[in-house]
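> The sequence and its predicted three-dimensional model are supplied below.
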Amino acid sequence: MVKAQQNKTRTKPPESEAKSIDYQQVIAGFRSRLLQVTSHGLQKAVVKHQERGKLLARERINLLVDPRTPFLELSTFAAFGQYDHAFPSAGIVTGIGLVNGRECMIVANDATVKGGTYIKETIKKHVRAQEIALKNHLPCIYLVDSGGIYLPEQAHVFPDRFDFGRIFYNQARLSAEGIPQLAVVMGSCTAGGAYVPAMCDETIIVKGQGTIFIGGPPLVKAATGEEVTAEELGGGEVHTSISGVADHLADDDRHAIEICRKIVDTLPVASKRTIELKPVEAPNYPAEELYNYLSTDLKKPINMRAIIERLVDGSNFQEFKENYGKTLLTGFVRLKGIPVGVIGNQSFLTAESARKGAHFIQLCNQRQIPLLFLQNITGFVVGKKYEHEGIARDGAKLIHAVANSVVPKITVVVGGSFGAGNYAMAGRAYDPDFLFMWPHARIAVMGGEQAAGVLQTITQNGKNNSLVEQFEQESTAYYSSSRLWDDGILDPVQTRDILALAFMVTLNQPIQKPNYGVFRM
Ligand code: COA
């Protein structure tokens, strides 16, 4: 193990102040956007909601989770910059929190955002939360307050495989896997939305506030001429004493959450994989120093060793093949006591670094050590010499290893994520258990300048500046998070805490035996 004292001499001091100032602006922008997307819907909708005696979605979650425990919120920037900013956080809050000591996936509609209705990103976020719950055996708690599909968007949200119907399909599958499904009906559950509580194992409904119906009063009147109030049609009293669609009647939001916490107490205790947890050691350097190593200019290299040393216990990075394939760093660390194998880019991928990465992934699979991919990758090395040497063959080895790796893996894009480098470093298509971005990070098939250059060569036209601009806009972390290409944007200084939480969650997964296909030799 490389000793902390040795690391101290190895890590260069923080770089120029100018760089830090540059990054302070990035962080200021991140924080103000975060405030914007976590402040619920329009003020008038918030007032209306509160006047009805209802708590806001995030207040409900705060009450539900154990006091003074963290809530790992996912995809806070979903739908950011789209729909005229009318859907902050896509009108739904999802994340993992402790309820009576049990890790649970919480999915809470935000009724102050267009009545809690679902656009494409709301559904993606809900379905992604269920995927994480399935993989990690997390009980799901749905805090329901939603008008169902946002009707103007119906063509984008209703019929396809991963559209609205997938939510209820997933509930059935999760329940069949023995993963508890609990609903707290705190507002409207209309049409398809009625199936969220109806598909659950156990459901609570708030008196005078929660309603569940397949067709609301206006639809009933139009279809049959029958006139009925929402409460008579599908209120709490109806469903807990007449229809049996719900199981518990609560007086208000707080009471409902109390009942829910008691139900969680009756769930079987999760069986986590046992690992040898070491005592937690803080890194030797303050997390804020991470900013000094980052720049909005992704052409500037990032000192990946310095990043790793600011994330891991005691800044200890036990490198594997330190002197071989140096453009990829591989090695073992502890993250809040958890053993983790780190793979981080120091530059573009070469044949040697690709082989080294594949070898390291096999080691971690054999030892059942989860993987952390730190992406800052422009792609694989290009040129005649490298093609002749078979860079595609060695790149394929790394991609095979990543695709068939069976240990949990988490990816953080700490800089650029471009081209096939994205695949080899466990991009979204390679099913990392979690994928996070840092605020300045970018993800695209290639940089805008390069894309314009390629097209210029092919078409023999002049440089296409609008393409450069398009790539510039479409590659930001906010663009990615808005479309749920990732699970959220992290402030670099919070990354260590969040990674430790996320790795703890993955301990709920059983690990299969690794099984690789044909490695082209
Ligand atoms: N599609 C599109 N917009 C919807 C909507 C839907 N299904 N449900 C609500 N909205 C919009 C409203 O037009 C309103 O928009 P605005 O803020 O721009 O004026 C906003 O969401 C809030 O709705 P409002 O009715 O004022 O709030 P509320 O809290 O009093 O009632 C509902 C919320 C969800 C109970 C009620 O709007 C409703 O019953 N909606 C229809 C539900 C439905 O039939 N869904 C079927 C689709 S599966």
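Arrived safely, thanks for sending. Numbering: from 1, shown residues only.

> Enumerate every residue touching the residue of the stretch 401-521 of the chain found nearest the ligand.
Residue of the stretch 401-521 of the chain nearest the ligand, by Cβ to the nearest ligand atom: S482 (20.0 Å). Any C-beta I mention is one placed from the backbone N, CA and C, and that applies to glycine too. S482 sits next to 77-82, 121 when contact means Cβ atoms under 8 Å, 6 or more residues apart in numbering.

> Out of those, which is nearest to I410?
F77 (18.4 Å; Cβ to Cβ).

> ok, A351 touching E389?
Yes - with contacts counted by Cβ atoms under 8 Å, A351 reaches E389, the gap being 5.9 Å.

> So which of these two has more stuff around it?
Comparing A351 with E389 by other Cβ atoms under 10 Å, the one with more neighbours is A351, at 20 against 14.

> quick one, strands of the stretch 51-200 of the chain?
72-74, 92-99, 102-109, 140-146, 181-190 (DSSP state E, counting those that start in this stretch).

> okay, those in TSV with mean neighbour count next?
Compiled in TSV, the strands of the stretch 51-200 of the chain are given as follows (neighbours: other Cβ atoms under 10 Å):
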stretch	mean neighbour count
strand 72-74	22
strand 92-99	24
strand 102-109	24
strand 140-146	28
strand 181-190	27
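
> Any idea which of those strands gets closest to the ligand?
Comparison of the strands of the stretch 51-200 of the chain against the ligand by Cβ to the nearest ligand atom identifies strand 181-190 as nearest, at 3.6 Å.

> hey, C-alpha coordinates of the closest one in PDB?
Extracted in PDB, the C-alpha atoms of strand 181-190 (Å, rounded to 0.1, in the frame of the first residue of the first chain):
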ATOM      1  CA  GLN A 181     -44.200  -1.900  -3.000                       C
ATOM      2  CA  LEU A 182     -45.800   0.600  -0.700                       C
ATOM      3  CA  ALA A 183     -48.000   3.600  -1.700                       C
ATOM      4  CA  VAL A 184     -49.000   6.700   0.200                       C
ATOM      5  CA  VAL A 185     -51.800   8.400  -1.700                       C
ATOM      6  CA  MET A 186     -51.500  12.100  -0.700                       C
ATOM      7  CA  GLY A 187     -53.400  13.600  -3.600                       C
ATOM      8  CA  SER A 188     -54.800  12.700  -7.000                       C
ATOM      9  CA  CYS A 189     -54.300   9.200  -8.600                       C
ATOM     10  CA  THR A 190     -56.100   9.500 -11.800                       C
END
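
> Parallel or antiparallel, list what pairs with it.
Using DSSP bridges, strand 181-190 pairs in its sheet with strand 140-146 (parallel), strand 202-206 (parallel), strand 211-213 (parallel).

> how close does the residue of the chain most remote from its centre sit to T190?
Centroid-distance maximum for the chain: G225 at 45.9 Å, with Cα atoms, centre = their mean. In this view, G225 and T190 are 20 Å apart by Cβ to Cβ, to the nearest Å.

> try P152
With distances taken as Cβ to Cβ, P152 is found 16 Å from T190.

> Residue numbers of the stretch 201-350 of the chain in contact with the ligand?
G216 (Cβ under 6 Å from any ligand atom).

> My read is that L290 contacts P492, right?
Yes - in this structure, L290 is within contact of P492 by Cβ under 8 Å, at 4.2 Å.

> Tell me which stretches of the stretch 351-500 of the chain form strands.
Ranges of strands in the stretch 351-500 of the chain, per DSSP E, counting those that start in this stretch, are 371-377, 409-418, 434-437, 442-444.

> want to throw those into a markdown table with mean pLDDT, mean neighbour count and distance to the ligand?
Output for the strands of the stretch 351-500 of the chain, formatted as a markdown table (pLDDT from 0 to 100; neighbours: other Cβ atoms under 10 Å; distance: least, Cβ to the nearest ligand atom, whole Å):
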| stretch | mean pLDDT | mean neighbour count | distance to the ligand |
| --- | --- | --- | --- |
| strand 371-377 | 97 | 25 | 38 |
| strand 409-418 | 97 | 26 | 34 |
| strand 434-437 | 98 | 24 | 30 |
| strand 442-444 | 94 | 22 | 31 |
